[in-house]
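Trainee: fold the following for me, if possible:
(one chain, ligands or ions: 1)
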Amino acid sequence: MCGIVGYVGPRSAATVVVEGLRRMEYRGYDSAGVAVVADGRISLRKKAGKLANLEAELAAEALPDSRQGLGHTRWATHGAPTDVNAHPHLSYNGRVALVHNGIIENHAALREELEADGVRFVSETDSEAAAHLLGRAVERNPSLLDAMREVCGRLQGAFTLVAFDLAQPGRIVAARRNSPLVVGVGQGEAFVASDVASFIGYTKEAIELGQDQVVEITADSVTALTFTGEPAVVRPYAIAWDLSAAEKGGYDWFMRKEIYEQPKAAADTLLGRIGPDGTLCLDEMRIDPAVLRLADKVIIVACGTAYHAGLIAKYAIEHWTRIPCEVEIASEFRYRDPIVTRTTIVVTISQSGETADTLMAIRHAREQQAPVVAICNTNGSSIPRESDAVLYTRAGPEIGVASTKGFTTQIIACYLLGLYLAQERGLKYGDEIRQIVAELSALPAQMEQVLAKLAEVGDLARELADAPSVLFIGRHVGYPVALEGALKLKEISYLHAEGFAAGELKHGPIALVEPGLPIFAVVPPQGRDQLHDKVISNIQEVRSRGARTIVLAEEGDVEAVPYADHVISLPVVSTLFQPLVAIIPLQFFACEIATLNGHDVDQPRNLAKSVTVE
Ligand code: AGP
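Mentor: Below is the predicted model:
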């Protein structure tokens, strides 16, 4: 949600900024803008709609050549996505250009105060107040950093701010509270951005800023302070992936590329975490093993796809550790006064590490003194920073808004955590762990087998492209797979899709079934007789009412075939691991349907990749 870039250096600032915005398009936005300083004045272009509109504007009226610029992609919260509401915003005195990500909660009071002082607002945004405040602050404060600190002291809510002052060329100042911001350090140039993707083409050296810090960059310096003016403790790190990871590499969509990257992402997530003797070594688990041994409850908190990964993890964690495990939607968690104590391990799952609902849930859990373990894909993001321990999924950058490799690696990381808990609590013998670990290690190859057969799913999508509605059913871990299959279809195809626990159908949803309705059914492996047979019965129930059944069943499952209009065969894996192979055809199906229906798969309407507001 909202992408921010600032640049100081020898290159064309407008080019670097627009390219940076392009690389952050995946975050979701509905207007864009860029401002540069040249010839002693600020020049600005901003446009509602996609970046292409801004680029057309720039082509019609180019910005002057400049060594300093900033830009923004805006996901509207306060005020419609119009040209005027797009960022950057200028201060009343014309000195400051500023961009903002987040929500300034006290903007109405600030606007009232500034208007009483004669400041005239031109937009409906909360952000404009920050531009005027900084315009006022630089008039009386010679230090840009101190002026920005003063502004931050006036703001309530979540914000990343990036700004420059016309009177202090060659400097860009930025601030962060509850919203992402990283610094890129190049040779004689520097960047600030919401995401390293925006500057990965120029440098791999990044600096992670902490909460409530301000930073000033020039072409050859980076100075960071806390909001209260002390030197800030920051974390320099090297970005582990390169530009090609942030490009489509011949695929039509990032989502499709990311579907195909799942075997590697899964293998990378396992890498180095399993010792030669089969025991688990999770070096990142900075939580005292005694705390893990004493835990009497696990609560998993997450949103969307990450929540579905948590629902699957619950089965494994309870099965392996016998510790009760609850799974909660992060936006609901803190508002229901959950029972969380020092002996509750709170596990948060987030691909981006910036989801505001999940971040707030962490803070609530930590206030109750619960140890928090983050499962996250984004190095140095807010969620792992605010957790007691982190287990990184190593999926590489996930750019498609619809999470794919994020999901499968989250399941794997949760399983590692569950096994680790079992190991530390002495609940599993070494050879049991070794056997499970061997099954986990076989998964990347099994995922490859599924990927190799996706052409059939493409054919199926062509047959079903006009279906107005699609249902997904499953039991046990197949139930969250059904929920995730439906979510994928909804978010990128805009089709009505629902996932149900197969056993619940007869309690209401079966009334939706009418002739021709496509229903995907996830059939458990045959080893789990009861569950397997129950799902087969559920398939018969819907088929006898005219549903068109698409059955995902393991190879050789002859019992499922008679009730299937289409069979998607899956490799033979244990029940707990089936989601990791079963979800792939469903992801691909959604991608195909969206493509066939002419939708933008990577940037679906109304959605943002990283949801940084509550
Ligand atoms: C996934 O396809 C969705 N776009 C969305 O549900 C996402 O999983 C959710 O917003 C959580 O994001 P996070 O993993 O970055 O916290």
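Trainee: and the gap between whichever residue of the stretch 401-550 of the chain sits closest to the ligand and residue 258?
Mentor: The nearest approach of the stretch 401-550 of the chain to the ligand comes at residue 403, 3.7 Å away (C-beta to the nearest ligand atom). C-beta here means a position set from N, CA and C on the backbone, and glycine is covered the same way. Using C-beta to C-beta, to the nearest Å, one obtains 8 Å as the distance from residue 403 to residue 258.
Trainee: which of those two has more residues huddled nearby?
Mentor: residue 403 (28 against 25; other C-beta atoms under 10 Å).
Trainee: return the distance of the more buried one relative to residue 518.
Mentor: Residue 403 is 23 Å from residue 518, by C-beta to C-beta.
Trainee: near the ligand, which residues of the stretch 201-350 of the chain?
Mentor: Within the stretch 201-350 of the chain, the positions adjacent to the ligand are 303-306, 350 by C-beta under 6 Å from any ligand atom.
Trainee: just the residues you listed: which are in helices?
Mentor: Counting by DSSP state H, the part of these found in helices is 304-306.
Trainee: quick one: which of those has the most company?
Mentor: Counting neighbours by other C-beta under 10 Å, residue 306 leads those with 26 neighbours.
Trainee: report the contact partners of it.
Mentor: 349-351, 355, 358, 403, 406-407, 410 (C-beta atoms under 8 Å, 6 or more residues apart in numbering).
Trainee: if you set the cut-off to 6 Å instead, what comes out?
Mentor: Taking C-beta atoms under 6 Å, 6 or more residues apart in numbering, we find residue 306 in contact with 349-350, 410.
Trainee: just the pLDDT at it, thanks.
Mentor: What the model reports as pLDDT for residue 306 is 98.
Trainee: swap in residue 529?
Mentor: 63.
Trainee: same deal with residue 329?
Mentor: Note on residue 329: pLDDT of 96.
Trainee: also the one 3 residues further on?
Mentor: Here, the pLDDT recorded for residue 332 equals 93.
Trainee: A helix includes it, no?
Mentor: Yes - residue assignment for residue 332, taken from DSSP: H, G, I helix; E, B strand; the rest coil, places it within a helix.
Trainee: tell me, how many residues neighbour the residue in the stretch 501-614 of the chain positioned nearest to the ligand?
Mentor: Of all residues in the stretch 501-614 of the chain, the one sitting closest to the ligand is residue 611 (4.8 Å; C-beta to the nearest ligand atom). Residues within reach of residue 611, counting by other C-beta under 10 Å, total 21.
Trainee: and what of residue 570?
Mentor: Neighbours of residue 570 (other C-beta under 10 Å): 24.
Trainee: go on, the one 3 residues further on?
Mentor: Here the neighbour count serves as a burial measure; for residue 573 (other C-beta under 10 Å) it reads 18.
Trainee: got the residues of this structure near the ligand?
Mentor: Counting by C-beta under 6 Å from any ligand atom, the residues of the chain that sit close to the ligand are 303-306, 350-352, 355, 358, 401-403, 491, 610-611.
Trainee: can you rerun that using 5 Å?
Mentor: 303-306, 350-352, 355, 402-403, 611 (C-beta under 5 Å from any ligand atom).
Trainee: among those residues, which one lies nearest to residue 224?
Mentor: residue 352 (22.7 Å; C-beta to C-beta).
Trainee: assign the closest one to helix, strand or coil.
Mentor: At residue 352 the chain is in coil, as set by three-state DSSP.
Trainee: wait, it sits on residue 611?
Mentor: No - counting by C-beta atoms under 6 Å, residue 352 stays clear of residue 611, with 8.0 Å between them.
Trainee: got a pLDDT number for residue 102?
Mentor: What the model reports as pLDDT for residue 102 is 86.
Trainee: find the residue closest to the residue in the stretch 201-350 of the chain that the ligand sits nearest to in space, skipping its chain neighbours.
Mentor: Per C-beta to the nearest ligand atom, residue 304 is where the stretch 201-350 of the chain lies closest to the ligand, at 1.8 Å. Excluding its sequence neighbours, the residue lying closest to residue 304 (C-beta to C-beta, 6 or more residues apart in numbering) is residue 487, at 6.8 Å.
Trainee: and the residue nearest the centre of the chain?
Mentor: Centroid-nearest residue in the chain: residue 352, 3.4 Å away (criterion: C-alpha atoms, centre = their mean).
Trainee: mind listing what that one touches?
Mentor: Residues counted as contacts of residue 352 (C-beta under 6 Å, 6+ apart) are 378, 610.
Trainee: got phi/psi on it?
Mentor: Backbone torsions of residue 352, given as degrees, to the nearest 10, read phi -80, psi -30.
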